[in-house]
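Enquirer: Turn this into a model:
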Amino acid sequence: MTGLVHTARELREAVEGRPGGVGVVMTMGALHEGHATLVRTARERVGDGTVVVTVFVNPLQFGPNEDFDRYPRTLDADVATAARAGADLVFAPSVDEVYPGGQPRVRISAGPMGEGYEGASRPGHFDGMLTVVAKLLHLTRPDVAFYGQKDAQQLALIRRMVTDLNFPAEIVGVPTVREPDGLALSSRNRYLSDGDRESALTLSRALFAGREALDDGPDAVRAAARTVLEKGDGLAVDYLALIDPDDFTEAAPGHTGPAVLAVAAKVGTTRLIDNVPLEFGVRR
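Expert: Purely as a prediction, here's the structure:
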């Protein structure tokens with residue numbers, strides 16, 4: 001049976017004495033199959049150890065015109081989803097539990113890696129994200145933490161923070177889960193009308209087209225994806241970028257090694273992101 005705890009003390013007492021390692025999946029709730037995949041991956045990795053799912057809507061990640069109050073809170077359903085996927089504990093703290101002195105005066109800075117792409121569209125978002133991830137890593141004390149590859153810049157920043165600040169946790173990226181038609185799963189998909197959803201498919205189609213041009217090099221990848229985006233209706237594209245995940249800067253024309261082809265767009269009133277990982281210079 002999956003336990004539900006709300007305080008750091010309850011969490012420590014629930015984890016103490018359990019055998020094996022600890023795996024954590026951090027979420028803001030409204031769990032869907034993508035989150036369930038993260039939990040199942042954690043379960044497989046830690047075996048008889050403990051899988052903790054955190055559910056916390058972090059106010060530091062929302063700008064003044066963003067949807068903090070609108071963000072769905074579905075804790076009962078989230079606990080049930082986590083349980084079916086194999087979680088042992090759900091840690092759902094209050095804002096006062098995470099930030100007992102009010103909003104923190106000292107925060108983690110994302111630095112230059114957090115200034116472009118999603119950081120440019122959402123100033124301060126990544127500072128808030130890294131601050132709460134750092135706190136939750138301290139509170140949950142995992143051996144390994146699992147994050148979705150769909151949030152590519154977030155994943156890159158968490159990996160950089162853990163390396164730069166010597167957090168004793170391994171960070172594992174888990175492939176994006178998609179609907180059968182290719183749409184990446186997201187808690188924000190619930191805001192899409194039927195027409196919006198059809199428009200949203202242009203994002204994944206553009207990424208897949210770029211991936212098909214991989215053997216022709218970075219410029220061909222960008223061009224193939226851009227062609228599909230330009231033919232799409234109902235999109236307000238923020239960016240299409242081919243990114244070096246090591247420092248999250250635009251990949252050079254002769255780039256070899258890992259890369260991320262990423263796109264962000266507003267579909268109706270809903271902003272969506274998606275990406276595909278690529279590997280240049282590897283013979284297929």
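
Enquirer: give the contact list for residue 193.
Expert: The neighbours of residue 193, taking CB atoms under 8 Å, 6 or more residues apart in numbering as the test, are residue 268. Where C-beta positions appear, they are placed from N, C-alpha and C, glycine not excepted.

Enquirer: mind checking how far it is from residue 180?
Expert: 19 Å (CB to CB, to the nearest Å).

Enquirer: got it, and residue 116?
Expert: Distance from residue 116 to residue 180, by CB to CB: 32 Å.

Enquirer: Equivalent analysis for residue 92, please.
Expert: From residue 92 across to residue 180, the span is 31 Å (CB to CB).

Enquirer: Who has more neighbours out of those two?
Expert: The neighbour comparison of residue 92 against residue 180 (other CB atoms under 10 Å) goes to residue 92, with 21 against 5.

Enquirer: Residue 77: what secondary structure?
Expert: Here residue 77 is recorded as helix under DSSP: H, G, I helix; E, B strand; the rest coil.

Enquirer: Then residue 279?
Expert: The three-state label given to residue 279 by three-state DSSP is strand.

Enquirer: So what does the closest residue to it other than its chain neighbours have for phi and psi?
Expert: Spatial nearest neighbour of residue 279, chain neighbours left out: residue 258 (5.7 Å); criterion: CB to CB, 6 or more residues apart in numbering. Dihedral pair for residue 258: phi -60, psi 150, per degrees, to the nearest 10.

Enquirer: which residues does residue 258 contact?
Expert: Counted by CB under 8 Å, 6+ apart, residue 258 has contacts 244-246, 277-279.

Enquirer: Show me the protein divided up by domain.
Expert: Each domain of the chain is listed here as a residue range: 3-174, 189-276, per the TED database.

Enquirer: Just put these in TSV and tack on mean pLDDT.
Expert: Formatted as TSV, those follow (pLDDT from 0 to 100):
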stretch	mean pLDDT
domain 3-174	95
domain 189-276	96
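
Enquirer: which residue sits closest to residue 92, ignoring its sequence neighbours?
Expert: Nearest non-adjacent residue to residue 92, counting by CB to CB, 6+ apart: residue 55, 4.3 Å away.

Enquirer: buried sites along whichever strand or helix holds residue 226?
Expert: In the assignment (DSSP states H and E), residue 226 maps to helix 218-231. For helix 218-231, a neighbour-count test (16 or more other CB atoms under 10 Å) marks 218, 221-222, 224-226, 228-229 as buried.

Enquirer: I'd like the residues you listed written out as JSON lines, with distance to residue 105 added.
Expert: Formatted as JSON lines, those follow (distance: CB to CB, whole Å):
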{"residue": "218", "distance to residue 105": "42"}
{"residue": "221", "distance to residue 105": "43"}
{"residue": "222", "distance to residue 105": "42"}
{"residue": "224", "distance to residue 105": "47"}
{"residue": "225", "distance to residue 105": "42"}
{"residue": "226", "distance to residue 105": "43"}
{"residue": "228", "distance to residue 105": "46"}
{"residue": "229", "distance to residue 105": "42"}
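
Enquirer: backbone phi and psi for residue 118, please?
Expert: For residue 118, the backbone dihedrals are phi -60, psi -30 (criterion: degrees, to the nearest 10).

Enquirer: can you map out the helices along the stretch 101-250 of the chain?
Expert: Along the stretch 101-250 of the chain, counting by DSSP state H, counting those that start in this stretch, helices occupy 118-121, 125-140, 152-164, 194-212, 218-231.

Enquirer: Could you dump those into TSV with distance to residue 66 added?
Expert: Output for the helices of the stretch 101-250 of the chain, formatted as TSV (distance: least, CB to CB, whole Å):
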stretch	distance to residue 66
helix 118-121	10
helix 125-140	8
helix 152-164	15
helix 194-212	18
helix 218-231	24
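
Enquirer: so which of these gets nearest residue 269?
Expert: helix 194-212 (8.5 Å; CB to CB).

Enquirer: Compute the inter-axis angle for that closest one and helix 218-231.
Expert: Orientation check (axes from the mean of the first three to the mean of the last three CA atoms, to 10 degrees): helix 194-212 against helix 218-231 gives 160 degrees.
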